[in-house]
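Student: show me the folded form of this:
(2 chains)
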Protein chains: 2
Amino acid sequence: MADTVLPQAGPVDPSGWTCPLPLRDHPRVVMGHGGGGALSAELVENVFLPAFGDGPVLAALGDSAVLDPGGARIAFSTDSFVVRPLFFPGGSIGDLAVNGTVNDLAMSGARAAWLSCAAILEEGVETALVARVAEAMGTAARRAGVQVVTGDTKVVEAGHGDGVYLNTAGIGLIPPGVDIRPQRARPGDTVLVSGEIGLHGVAIMSVREGLEFGVEIESDCAALGTLVDAMLAVTPDLHVLRDPTRGGLAASLHEIASAAGVGVTLQESAVPVPPPVANACAVLGLDPFYVANEGKLVAFVPREHTDAVLAAMRAHPLGAAAAVIGECVADHPGMVVARTAFGGTRVVDLPIGEQLPRIC
Amino acid sequence: MADTVLPQAGPVDPSGWTCPLPLRDHPRVVMGHGGGGALSAELVENVFLPAFGDGPVLAALGDSAVLDPGGARIAFSTDSFVVRPLFFPGGSIGDLAVNGTVNDLAMSGARAAWLSCAAILEEGVETALVARVAEAMGTAARRAGVQVVTGDTKVVEAGHGDGVYLNTAGIGLIPPGVDIRPQRARPGDTVLVSGEIGLHGVAIMSVREGLEFGVEIESDCAALGTLVDAMLAVTPDLHVLRDPTRGGLAASLHEIASAAGVGVTLQESAVPVPPPVANACAVLGLDPFYVANEGKLVAFVPREHTDAVLAAMRAHPLGAAAAVIGECVADHPGMVVARTAFGGTRVVDLPIGEQLPRIC
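Tutor: The predicted structure is shown next:
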């Protein structure tokens, strides 16, 4: 039960990470790394603090981070991340853990400021792998302009986890005058998407199943804070923002239609589905509308601001392929209906369960 | 991969929880409960929302909760909970998840206001068990005066989890003039503990190992917010507060000594160790100083306020057995030294690893 057996050294880490002296005898995680003692402290000091930049708030290593939001309204969000594999084309569980929570905050119009990071490690996982994940988180956090300020590590026995599970919670500041939430969708709103859909889910599935589609499909994993800033610079009166992750575009539009009691009509041909995603979905039996994205957003925008918001999105690297894909209507409340390229219509159902498990 | 096999009904739930209609065909968790579709929504609506009280912020079910802290300084903390068994004498993983984060915030002098709750469920766990855990969290949150305002659910395949893992993050408001952190320990400070130590760890071990000690030992799991309020009412100038969880009293005092560059001297006989804990520790080969607590705190208090703070603690139900156990000294910085009942001294080392794995 205690760490009586000294684990053997794992394979050389492909990232070239050098195990610091105190961890040298523990190339793999042992139960004691979650025990709150010297081993826990070594893991935090050698792996997490260097990766997260060792700022004054985190370095204080208090039970909680003390923050001063200066009287602003704040947004607060959490997500756990159980994706496998941990590293995939275009990203990693560490990127997802940062960008996922940054994006959830951005969907309230909030600029992410502070993150927590909690890891559940499986006994026996290489410490070098944990270090690579931490490094990926730190890099993603710096890129997104957010600080990791508090954290926690637990270790579970081999066979009760899967290498690394992460949780992040985040606090973001909401600019004055901004009120973005699903309930604000109104008939007449234009529905926009910030770019090509389906990339994250297909990237995960292709690497997980060892499939080749002629071209490597990379996850779109990205932090959307600056894109939302650019949109808010046009008008603070965006009605709804949503990042179509699990359940894809279909689930996001359903949640909005249901929350606001409105209908959504899509122009199927207007939804940007890149050919490699379309091909992969055909092979895998998936519908791109249901496939997860990790660097895209859907926006419900008042008609009078649509052109300007779309222009601002297209001027941003993460919105270059932004498009108007439909509109919000008073008809069929709670339903999403797509007009097909052939002039017909089809109902876009809410997915029942899991099309692609452990995608994030 | 998808939920093609309908799981069979589990045993009748001992709590008498009745499975609501939409969950009736799913007495056990399937991968689809983590998929972001209709099954996920059913789980949230039937299990988590009723348990957490369905307040306006949570019920909005946005990607993040929008909060208005009114210009106060805030504390932010996170912890994951992997305790087994999920229910134990005196509490459950749900109680721990609420009280653990409430207490981490209280150790900054912050009154917990908002919690997030993220669950990692193992495929196949009974939905009734998830409901019992959620109910325990909801009850603990109401008791602690904190609101669960945002959440997340993920599902991992059987064999990659252990029923239910929880994560909470919390935001608390820090009253003006309060600055409580390990770095503020000063030679001359009195060291107090709020009550008897070792109860949580021994309760978990006894039920896990099926041991009997003549008397059932119950976890001390409790939320310490109101106790801290009572102490702050005496003086805002408390120097350090710490809840001695993993690693016990020894690890907490070590962290403080190390952070502040001071020494700590304990009167071993002054530390309240209840006889059943002392007996159990003797049997199990444990040292009570290293055993986890979940409803106790250690305080470093300026000498001139000690009597009044101690009286305030003793007047509170969670501090009835509070005691002065030692003092902060300029000698042996970073070290904790105990004076034994026989007049000798011993060094209280920082634990290396895990004495009791998965205690919280």
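
Student: least confident secondary structure element in chain A?
Tutor: helix A:56-59 (a mean of 66; mean pLDDT, DSSP states H and E).

Student: now do the same contact list for the most centrally placed residue in chain A.
Tutor: Closest to where the C-alpha atoms of chain A average out (C-alpha atoms, centre = their mean) is A:G100, at 2.3 Å. Neighbouring residues of A:G100 by C-beta atoms under 8 Å, 6 or more residues apart in numbering or on different chains: A:D79, A:F81, A:T168, A:T245, A:E294, A:C360. To be clear about C-beta, it is placed using only N, CA and C from the backbone, and glycine gets the same treatment.

Student: same check on A:M231?
Tutor: A:L238, A:A299, A:V309, A:A312, A:M313.

Student: can you rerun that using 10 Å?
Tutor: Applying C-beta atoms under 10 Å, 6 or more residues apart in numbering or on different chains to A:M231 gives the contacts A:106, A:109, A:180, A:192, A:194, A:224, A:238, A:241, A:297, A:299, A:301, A:305, A:308-310, A:312-313, A:316, A:319, A:322.

Student: quick revisit: within the helices and strands, which one has the residue nearest to the centre of chain A?
Tutor: helix A:93-106 (DSSP states H and E).

Student: let me see the backbone angles for A:Q183.
Tutor: Here is the backbone geometry of A:Q183 (degrees, to the nearest 10): phi -60, psi -10.

Student: smallest gap between the stretch 201-350 of chain A and chain B, at which residue?
Tutor: Nearest residue of the stretch 201-350 of chain A to chain B: A:R246, at 2.9 Å (C-beta to the nearest C-beta).

Student: my read: that residue touches A:C360, true?
Tutor: Yes: with contact defined as C-beta atoms under 10 Å, A:R246 and A:C360 form a contacting pair (6.3 Å).

Student: which residues are in contact with both of these two?
Tutor: A:D79, A:G201, A:A292, B:G34, B:G36, B:K154.

Student: buried residues in the helix of greatest length in chain A, which are they?
Tutor: As assigned by DSSP state H, the longest helix anywhere in chain A is helix A:127-144. The neighbour-count check on helix A:127-144 (16 or more other C-beta atoms under 10 Å in any protein chain shown) flags A:127-141, A:143-144 as buried.

Student: neighbours of the closest residue to A:T190 other than its chain neighbours, how many?
Tutor: Nearest residue to A:T190, sequence neighbours excluded (C-beta to C-beta, 6 or more residues apart in numbering or on different chains): A:T306, at 4.3 Å. A:T306 has 18 neighbours, counted by other C-beta atoms under 10 Å in any protein chain shown.

Student: in terms of helices and strands, where is A:V155?
Tutor: Assigned by DSSP H and E, A:V155 falls in strand A:147-156.

Student: domains of chain A?
Tutor: Annotated domains of chain A cover A:21-174, A:182-347 [automatic domain parsing].

Student: please identify the deepest-packed of those domains.
Tutor: Using mean count of other C-beta atoms under 10 Å in any protein chain shown, the stretch among the domains of chain A with the greatest mean number of neighbours is domain A:21-174 (a mean of 23).

Student: report the distance from that one to the chain centre.
Tutor: Here domain A:21-174 is found 14 Å from its chain centre; the criterion is C-alpha atoms, centre = their mean, to the nearest Å.

Student: do the same with stretch A:202-220
Tutor: 18 Å.

Student: span of it from start to end?
Tutor: Start and end residues of stretch A:202-220 are separated by 10 Å (C-alpha to C-alpha, to the nearest Å).

Student: could you do stretch A:32-48 as well?
Tutor: For stretch A:32-48, the end-to-end distance is 16 Å (C-alpha to C-alpha).

Student: stretch A:102-119 now?
Tutor: End-to-end for stretch A:102-119, by C-alpha to C-alpha: 18 Å.

Student: now stretch A:169-189
Tutor: 31 Å.

Student: inside strands: which ones of the contacts of A:G100?
Tutor: Among the contacts of A:G100, the residues falling in strands (DSSP state E) are A:D79, A:F81, A:T168.

Student: please name the bridge partners of the second one.
Tutor: Beta-bridge pairing for A:F81 (DSSP bridges): A:L166.

Student: quick one: it and A:G163 touch, right?
Tutor: No: using C-beta under 10 Å, A:F81 is not in contact with A:G163, being 11.6 Å away.

Student: identify the contacts common to the two.
Tutor: Counting by C-beta under 10 Å, 6+ apart, the residues touching both A:F81 and A:G163 are A:I93, A:V133.

Student: could you pull up phi and psi at A:A75?
Tutor: phi -110, psi 150.

Student: quick one: low-confidence ranges for the stretch 1-150 of chain A?
Tutor: For the stretch 1-150 of chain A, the stretches with pLDDT under 70 are A:1-16, A:21, A:24, A:54-64, A:68, A:70-71.
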